[in-house]
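Predicted model and sequence follow; I will ask about them next.
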Amino acid sequence: MNILDLPDEILLAILNKMNMVDVLYSLEGV
């Protein structure tokens, strides 16, 4: 499965979820 085959909306949603996870981990790390 190629990530470039995903529609932009789905790709953005995945990136947003990944960013949220990074933010949560950063907050927990404080």
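Noted; the coordinates are in hand.

helices or strands up against the host helix or strand of Glu28?
In this structure, Glu28 is located in helix 8-29 according to DSSP states H and E. For helix 8-29, there is no helix or strand it packs on, judged by 3 or more C-beta pairs under 8 Å, 6 or more residues apart in numbering; DSSP states H and E. Glycine gets a C-beta too; all of them are placed from N, C-alpha and C.

do you know how far Ser26 is from Met20?
Distance check for Ser26 against Met20: by C-beta to C-beta, to the nearest Å, it reads 11 Å.

nope, Asp5 is what I meant
23 Å.

for Pro7, phi and psi?
Geometry field for Pro7 lists phi and psi as phi -60, psi 150, criterion degrees, to the nearest 10.

returning to what we had before: mean confidence (pLDDT) on the helix holding Glu28, please.
Averaged over helix 8-29, pLDDT sits at 88.

Report how many residues lie close to Asp22.
Burial of Asp22 is recorded as 10 neighbouring residues (other C-beta atoms under 10 Å).

for Glu28, that is, sorry about that
Applying the criterion other C-beta under 10 Å, we find 7 residues in the vicinity of Glu28.

ditto for Leu11
When neighbours are defined as other C-beta under 10 Å, Leu11 has 13 of them.

Equivalent analysis for the one 5 residues further on, please.
Burial of Asn16, expressed as a neighbour count using other C-beta under 10 Å, amounts to 10.

Contact partners for it?
Shown in contact with Asn16 (C-beta atoms under 8 Å, 6 or more residues apart in numbering): no residues.

how near is it to Leu27?
Taken as C-beta to C-beta, the spacing of Asn16 relative to Leu27 amounts to 16 Å.
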